[in-house]
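Colleague: Provide a 3D model corresponding to the input given below.
(one chain, ligands or ions: 2)
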Amino acid sequence: MKPHKQIKDWGLGLTTPLIIAGPCSAETPEQIEQICKEMKEENMIPQLFRAGIWKPRTRPGSFEGVGEEGLKWMEIVRHNLNIPITTEVGNAAHVELALKHKVDVLWIGARTTVNPFAVQEIAEALRGVDIPVMIKNPMNPDLELWVGALERMYAVGIDKLAAIHRGFSDAYDKRFRNKPNWSMPIHLKRVWTGMEVINDPSHIVGRRDGLQEVAQRAMNFGLDGLMIETHHDPDKAWSDAKQQITPQRLKEMIDSIDFKEPLETMGPDEKLQDLRRAVDHLDDQLLDILQERFAVIDQIGAHKREHHLTVFQSNRWKEVMESRTQKGVAKHLSEKFMKELLYCIHEESVKRQEKQLREAEPIKK
Ligand code: PEP
Ligand code: MN
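Modeller: Ligands and ions are numbered 1, 2, ... in the order given. So this is what the prediction gives:
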């Protein structure tokens, strides 16, 4: 486990589930002021206030952010709501200005995470600075880029780190603006123990309806907070108008989310321990069966070597795949799971047998 500092240890009084809210973009001082006013009226003060100051827009000509001026309005928020503030930085110049205006937490956007040059430039600008950084997932579902950006920060001494899951662009699946691909944030948590991931339903869904469902799923999976774009007059927002919600709606939404307890903090009860012991036992059996299966596979491999047969045989594969998938589905295992499982087992079998052919002494005819 890399010893990074978790959100509670950032020294900002933050806890998980961390709720981050604020507009997509800072637009005018009045806009920022009005959002704060309504957050107060609704008693919906987030733990961290967000606003984009420099907006990385996919197409030129859209609103590209107000720049440094907006940082002054953000400083007023900190004073007014008495909470820390966060904004996106995309290059070294942004970092310099954000630090000058004492932004408490920085985030790196999805379009930046895909570019190691840009991430490294930001990292260099942050060398020796003590500030938390949150890294949004890259636009494409590439875990290495996501982890790589976190590592680049860590390497220059930024140890207050978190990740943001904002979904992945997908040319075909139009149900979401960015497809959630839940296995990615979960896998990030697997490969970097203790890494907290904040879910950003706004950029995943891209519309107001459906936000709550995605936010709830994120909490069910055990993600560590929510970043939700909030605007006093969403329809008139200068960026991402379709997906922003009012502080009032935010309050309703947060109130109706069922925040689950993180298991780690409670310690599993007796019932759960029993069930986990049963799973451990079944896993042992599963491994014994796999061991046995691969021993037979090796015997088949020896036979193929002896008879000069190729390893991969399409008809056999097709039959194995179809029959096992059918049986699995009958046992209430999903078709997708069965296919992935069989691909994985078959690939290992094919590789073992090819290795046998490669390493074997040439057989004399
Ligand atoms: C944003 O948070 O407003 C933003 C631009 O997000 P992303 O980098 O996820 O597109
Ligand atoms: Mn946005």
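Colleague: neighbours of the residue of the stretch 101-250 of the chain found nearest ligand 2, just the number please.
Modeller: Residue nearest to ligand 2 within the stretch 101-250 of the chain (CB to the ion): D240, separated by 3.8 Å. Every residue, glycine included, has its C-beta placed from N, CA and C. Applying other CB atoms under 10 Å, we find 20 residues neighbouring D240.
Colleague: right, and it touches C24 too?
Modeller: Yes - between D240 and C24 there is a contact under CB atoms under 8 Å: 4.0 Å.
Colleague: Can you check which residues contact both of these two?
Modeller: Contact criterion CB atoms under 8 Å, 6 or more residues apart in numbering; residues bridging D240 and C24 by contacting each: S202, E229.
Colleague: so where's the stretch 51-200 of the chain uncertain?
Modeller: Counting by pLDDT under 70, the stretch 51-200 of the chain contains no low-confidence range.
Colleague: Just want the residue of it that's nearest ligand 2.
Modeller: For the stretch 51-200 of the chain, CB to the ion, closest residue to ligand 2: G52, 6.3 Å.
Colleague: likewise the chain?
Modeller: For the chain, CB to the ion, closest residue to ligand 2: C24, 3.3 Å.
Colleague: With A51 as the reference, measure out to that residue.
Modeller: 8 Å (CB to CB, to the nearest Å).
Colleague: Repeat that for L126.
Modeller: 20 Å.
Colleague: try L12
Modeller: Taking CB to CB, one finds L12 at 17 Å from A51.
Colleague: These two: who's more crowded?
Modeller: A51 (28 against 15).
Colleague: Just give the closest residue to the more buried one, not the sequence neighbours.
Modeller: Spatial nearest neighbour of A51, chain neighbours left out: A26 (4.1 Å); criterion: CB to CB, 6 or more residues apart in numbering.
Colleague: And P84, by the same measure?
Modeller: According to CB to CB, 6+ apart, the nearest residue to P84 is D104 (3.5 Å).
Colleague: what comes into contact with the helix or strand hosting H346?
Modeller: Per DSSP states H and E, H346 falls inside helix 335-359. Residues from elsewhere that reach helix 335-359 (CB under 8 Å, 6+ apart): 290, 293-294, 297-298, 300-302, 304-305, 311-312, 317, 320-321, 324-325, 328-329.
Colleague: give me that answer again for 6 Å
Modeller: I297, G301, R305, V311, F312, M321, R324, T325, G328, V329 (CB atoms under 6 Å, 6 or more residues apart in numbering).
Colleague: Likewise for stretch 56-67?
Modeller: Applying CB under 6 Å, 6+ apart, the set of residues contacting stretch 56-67 is S25, A26, G52, I53, W54, K55, G90, G109, R111, W238, S239.
Colleague: List the buried residues in that stretch.
Modeller: G65, V66 (16 or more other CB atoms under 10 Å).
Colleague: Closest approach to ligand 1 from the stretch 201-350 of the chain, which residue is it?
Modeller: Ranking the residues of the stretch 201-350 of the chain by distance to ligand 1 (CB to the nearest ligand atom) places H203 first, at 4.4 Å.
Colleague: Same question for the stretch 1-150 of the chain.
Modeller: G109 (3.0 Å).
Colleague: Please enumerate the strands of this structure.
Modeller: 18-22, 48-50, 85-88, 105-108, 133-136, 161-165, 197-199, 225-229 (DSSP state E).
Colleague: And the helices in this structure?
Modeller: With DSSP state H, the ranges of helices along the chain come out as 29-41, 68-81, 92-100, 110-113, 116-126, 143-155, 183-191, 201-205, 211-221, 247-256, 263-266, 270-306, 314-330, 335-359.
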